[in-house]
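J.: Please work out how this folds:
(2 chains)
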Amino acid sequence: MNYYEIIFYVFAVLTVVSAGVVVFSRNIIYSAFALLFTFTGVAGIYVLLNADFIAITQLLIYVGGIMILLIFGVMLTTNVTNVEITTQTLKALPATIVVAIVSALLVSTMVSTKWAVKDPISVESTTINQIGELLLTKYLLPFEIASIVLLIAMMGAAFLARKN
Amino acid sequence: MITELIITSTIKITLVIIVILTGVAYSVYAERRISALIQNRIGPNRVGPAGLLQPIADVLKLLLKEDIVPAKATKPIHTLAPMISIFVALCTIAVVPFGDSIHLFSRDIRLQIADVNIGILYILALTSLGVYGITLSGWSSNNKYSLFGGLRSSAQMISYELSMGLSVVGVILMTGSLSLQDIVLHQFGWKWNIILQPIGFITFLVAAFAETNRAPFDLPEAEPELVGGYHTEYSSMKFALFFLAEYANMIVSSTVIVTLFLGGWQFPYLQTFGLPPLVVSLLQVFTFVIKVVAMIVFFIWVRWSIPRFRYDQLMNLGWKVMLPLALANIVITALLIAIFRS
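T.: Below you'll find the model as predicted:
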């Protein structure tokens, strides 16, 4: 095993184990908290794939932004208002069917895809230049639409938060 | 090749961490002495010559204290929170260059733990993680003062993260790179970013004070209203870790401010003096250390000179003053660059 493989398995185990805790934990606090480590593990795998920009945005947006809000929500509902939130097993049969279909789909995609393997030396040292250029040339319209959608969402949130 | 990389990195990491931890101990000492000077007191001067051994006595005291965890605390998270704080504080230093490169044992060693191409984004991402240590410690202690401290701190850090991120954009526009080494190299001579980006410097400095929870923005631990804030229920080494993280954060943000705005390790026109390369490298590291120490003294000086902000004032300052200023700075910088390039 070389160093890359060792690092890969560390992050892979972190991701999978914490994802398991998210799903199987009875206590929703621990679920929310384990999700934090899942996101971090995924960010580590992005780094190994040479997707430095994606890895950092994963940390910045998911771990640093979205998870904070999620943990806030969970924390303030359980400890302050004394509502016990637990996860239970409901409707086992339909759930099994859905899970079976989804995982069959994922596994078949995984097997049938021709994974593009690139020589590590030929990979560019940073992806940020290309991403920036593509966002402002080829993908300008989707980029602008996404920003307008975000603006509308922000205005909506501000409108809802106002008292009258 | 890769083994060599791992060995040199390990040596660099160990040295940097030792320097930072010693720096933490002596910034606490400096803080106590400077505050005493400002308030016309004497300060700690009994342990060792001029009180210089005081930090060691403090560490021993904290290590030997009893570790108390509240009965109704969420124990795993209560234990993990200080670790997150110190982890984030120490990891940020990895991308900060403390010198150009040094020629030792017949090979060039770069004086930076990792020259990441997206260094600035890495710093911003890690500072956004720092909020977890405080929020989780506040919540898991099961104490209302801790919770209030944690909540305040999260709101404060999330608000100032924005102006922090935006105030760096001016520097990035000037340099055209996100790597911290490139940013330092771009500030040769007297072209320091503090002169070229004064608004960016001020917004970044204020945001750094807010992110490190230092006075005048130390609301998360405002003693008169919140007892001890988020670390009310912490004792012994866990409390020491928070304390360590606070000062490590101060040192690390000083290094980041120096790197981004004060020319990093650049000593103006040092290359023209015709000194041997090893002396040049060492002088550059020394310049960097001097600048960082000056920044730390500035942090301490501000803490003992300016009273604490009220919570609504803090939010108003963040959202209504700092954020528009940082945005205006981006527009002005972009305009000026567009005019002067054509």
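
J.: Am I right that B:Val69 is in contact with B:Ile77?
T.: No - the criterion here is CB atoms under 8 Å, and B:Val69 misses it with B:Ile77 at 11.1 Å. For glycine as for every other residue, the C-beta is placed from the backbone atoms N, C-alpha and C.

J.: Now for residue 34, how many residues are close by?
T.: Since you didn't name a chain, this refers to chain A. 18 (other CB atoms under 10 Å in any protein chain shown).

J.: hmm, I had chain B in mind actually
T.: 18.

J.: In three-state terms, label it for me.
T.: Look at B:Ile34: counting by DSSP: H, G, I helix; E, B strand; the rest coil, its state is helix.

J.: same deal with B:Tyr269?
T.: coil.

J.: Hmm, it is touching B:Leu275, no?
T.: No - B:Tyr269 is beyond contact range of B:Leu275, at 11.6 Å (criterion: CB under 8 Å).

J.: Now B:Ser85: which helix or strand?
T.: helix B:75-91 (DSSP states H and E).

J.: Name the residues of that helix that are buried.
T.: Across helix B:75-91, burial judged by 16 or more other CB atoms under 10 Å in any protein chain shown covers B:77-78, B:80-82, B:84-91.

J.: Just the residues contacting it, thanks.
T.: Outside of helix B:75-91, the residues within contact range by CB atoms under 8 Å, 6 or more residues apart in numbering or on different chains are A:29, A:33, B:17, B:20, B:69-70, B:126-127, B:129-130, B:132-134, B:136-137, B:139-141, B:233-234, B:238-239, B:241-242, B:244-245, B:248-249, B:252.

J.: Assign a three-state SS to the closest residue to chain A within the stretch 1-150 of chain B, would you?
T.: Closest residue of the stretch 1-150 of chain B to chain A, CB to the nearest CB: B:Ser128 (2.8 Å). Under three-state DSSP, the three-state class of B:Ser128 is helix.

J.: Can you tell me the SS state at B:Ile109?
T.: Per three-state DSSP, B:Ile109 ends up strand.

J.: At the geometric centre of chain A, which residue do we find?
T.: Centroid-nearest residue in chain A, with CA atoms, centre = their mean: A:Phe39, separated by 5.3 Å.

J.: Look up the pLDDT of that residue for me, please.
T.: Looking at A:Phe39, its pLDDT is 90.

J.: ditto for the one 10 residues further on
T.: We have a pLDDT of 82 for A:Leu49.

J.: quick one, what contacts the residue nearest to the spatial centre of chain B?
T.: The centre of chain B sits closest to B:Ser253, judged by CA atoms, centre = their mean, with a distance of 2.2 Å. When contacts are counted by CB under 8 Å, 6+ apart, B:Ser253 touches B:Ala208, B:Glu211, B:Thr212.

J.: what's the answer for B:Ile34, then?
T.: B:Ile34 makes contact with B:Val297, B:Ile300, B:Trp301, B:Trp304 under the criterion CB under 8 Å, 6+ apart.

J.: Which helix or which strand is home to the residue nearest to the centre of chain A?
T.: Assigned by DSSP H and E, A:Phe39 belongs to helix A:28-48.

J.: which residues touch that helix?
T.: Applying CB under 8 Å, 6+ apart, the external contacts of helix A:28-48 come out as A:4, A:7-8, A:10-12, A:14-16, A:18-19, A:21-23, A:25, A:52, A:54-56, A:58-59, A:62-63, A:67, A:70-71, A:74-75, A:78, A:85-87, B:74, B:77, B:132, B:136.

J.: State the three-state secondary structure for B:Arg46.
T.: Taking three-state DSSP, the label given to B:Arg46 is coil.

J.: B:Ile102 now?
T.: B:Ile102 ends up strand, using three-state DSSP.

J.: lowest-pLDDT helix or strand in chain A?
T.: Least confident helix or strand, chain A: helix A:67-75 with a mean of 80, by mean pLDDT, DSSP states H and E.

J.: Oops, could you answer that again for chain B instead?
T.: Taking mean pLDDT, DSSP H and E as the measure, helix B:223-226 is the helix or strand of chain B with the lowest mean score, a mean of 67.

J.: Quick check: residues of the stretch 51-200 of chain B near chain A?
T.: Proximity of the stretch 51-200 of chain B to chain A (CB under 8 Å from any CB of the partner chain) is limited to residues B:74, B:77, B:116-118, B:121-122, B:124-126, B:128-129, B:131-132, B:135-136, B:139, B:142, B:147, B:154, B:158, B:161, B:178.

J.: host element of B:Tyr234?
T.: Here B:Tyr234 is assigned to no helix or strand, by DSSP H and E.

J.: Run a quick neighbour tally on the closest residue to it other than its chain neighbours.
T.: Spatial nearest neighbour of B:Tyr234, excluding adjacent residues (CB to CB, 6 or more residues apart in numbering or on different chains): B:Phe242 at 6.2 Å. Using other CB under 10 Å, B:Phe242 has 22 other residues around it.

J.: Check which helix or strand B:Phe242 maps to.
T.: Here B:Phe242 sits within helix B:236-261, counting by DSSP H and E.

J.: which of the residues in the helix or strand following that helix are buried?
T.: As assigned by DSSP H and E, the chain's next helix or strand after helix B:236-261 is helix B:277-303. Residues B:280-281, B:283-284, B:287-289, B:291-293, B:295-296, B:299-300, B:303 are the ones in helix B:277-303 that count as buried (16+ other CB under 10 Å).

J.: And for stretch B:11-25?
T.: For stretch B:11-25, the buried set under the neighbour-count rule, 16+ other CB under 10 Å, comprises B:Lys12, B:Val16, B:Ile20, B:Leu21, B:Gly23, B:Val24, B:Ala25.

J.: Among these, which lie within helices?
T.: Members of the buried residues of stretch B:11-25 lying in helices (criterion: DSSP state H): B:Lys12, B:Val16, B:Ile20, B:Leu21, B:Gly23, B:Val24, B:Ala25.

J.: Tell me the one of the residues you listed nearest B:Asn40?
T.: Ranked by distance to B:Asn40 (CB to CB), those are led by B:Ala25 at 25.1 Å.

J.: residues touching that closest one, list them.
T.: Counting by CB under 8 Å, 6+ apart, B:Ala25 touches B:Pro55, B:Ile56, B:Asp58, B:Val59.

J.: And the pLDDT at it?
T.: 86.

J.: wait, doesn't B:Asn249 sit right on B:Leu129?
T.: No - counting by CB under 8 Å, B:Asn249 stays clear of B:Leu129, with 12.0 Å between them.

J.: Which one of the buried residues of helix B:277-303 is nearest to chain A?
T.: Nearest to chain A among the buried residues of helix B:277-303: B:Phe299, at 23.6 Å, using CB to the nearest CB.
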